[in-house]
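Asks: next input, structure requested:
(one chain, ligands or ions: 3)
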Amino acid sequence: MRVQVIDHPLVAHKVSVLRDKNTPSPVFRQLTDELVTLLAYEATREVKTVEVQVQTPVATTTGIAFAKPTPLVVPILRAGLGMLEGMTRLVPTAEVGFLGMARNEETLDIITYAERLPSDLTGRQVFVLDPMLATGGTLIESIKFLFDRGAADVTCICLIAAPEGLARLEEAYGDNEKVHLVLGALDEKLDENAYIVPGLGDAGDRLYGVAH
Ligand SMILES: O=P(O)(O)OC[C@H]1O[C@H](OP(=O)(O)OP(=O)(O)O)[C@H](O)[C@@H]1O
Ligand SMILES: O=c1cc[nH]c(=O)[nH]1
Ligand SMILES: [Mg+2]
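Replies: Ligands and ions are numbered 1, 2, ... in the order given. Below is the predicted model:
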């Protein structure tokens, strides 16, 4: 597994504003969208491409196009939806599959309540979008789901991660070179409710309002 924490002032600044409890939802959504584009720049570095010939007004040259099968982007509902548009803007030919997962806040078990994506992912490069990597339960479950369907590799883009979740992913996928994590920040720890400290609170609630 390859882990990259993106160390860049533009990322750090936007994450700082997201953390601020006084940042309202419209600004939070806008910054989430902007952050994805910055993280996706690194996350897509190994996207498969093919050479194509391009006729410029002056000459013929060799360019690139995304290879087939086209990449699949999978936002984890709800909070991952806030990252979708930023990603598809950069990879417009990508297809999109949906996984709806929620953490039971008492037991921390993961409930998969929705699933709408191709049944066969053989050879597909998959990009998972979820702003928060806390205990790692949600991401481990999603990655397993995608490999079970035949995904070639899985790159996860998260805005904030906790060391505890990262350790669980290392345990599960440390030896798997087909898993790549791109993170906007690696925080200090989880609190007693498995919320990331300092974190930003509940990403889904801050994007879309309190769920319960
Ligand atoms: O690493 P974990 O401990 O599994 O926690 C992370 C998950 O928790 C949040 O989702 P949540 O369950 O709050 O659902 P929501 O997006 O609908 O708010 C977040 O968006 C992740 O999916
Ligand atoms: O800090 C956290 C942990 C899980 N889910 C969130 O949205 N935030
Ligand atoms: Mg939530």
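
Asks: what mean pLDDT does the helix or strand Gln4 falls within get?
Replies: Element membership for Gln4, per DSSP states H and E: strand 2-5. Average pLDDT, strand 2-5: 98.

Asks: give me the sheet partners of that strand and which way each runs.
Replies: Looking at strand 2-5 with DSSP bridges, its partner strands are strand 179-186 (parallel).

Asks: the nearest residue to Tyr208 once chain neighbours are set aside: what's it in contact with?
Replies: Once flanking residues are discounted, Tyr208 sits nearest to Arg78: 6.0 Å by CB to CB, 6 or more residues apart in numbering. Heads up, the C-betas are built off the backbone N, CA and C, glycines and all. By CB atoms under 8 Å, 6 or more residues apart in numbering, the residues touching Arg78 are 100, 102, 204, 207-208, 211.

Asks: about what we covered before: from the contact counts, what lies against the following helix or strand past the strand holding Gln4?
Replies: Later in the chain than strand 2-5, the nearest helix or strand by DSSP H and E is helix 9-19. Counting contacts by 3 or more CB pairs under 8 Å, 6 or more residues apart in numbering; DSSP states H and E, helix 9-19 packs against helix 25-43, strand 153-161, strand 179-186.

Asks: for the strand holding Gln4, the distance to its chain's centre please.
Replies: 12 Å (CA atoms, centre = their mean, to the nearest Å).

Asks: so what pLDDT did the residue lying closest to Gly137 once chain neighbours are set aside get?
Replies: Once flanking residues are discounted, Gly137 sits nearest to Ile110: 4.9 Å by CB to CB, 6+ apart. Looking at Ile110, its pLDDT stands at 93.

Asks: do Ala12 as well
Replies: On pLDDT, Ala12 comes in at 98.

Asks: swap in Ala167?
Replies: Reading off the model, Ala167 has pLDDT 98.

Asks: what is the burial count for it?
Replies: By the criterion of other CB atoms under 10 Å, Ala167 has 12 neighbours.
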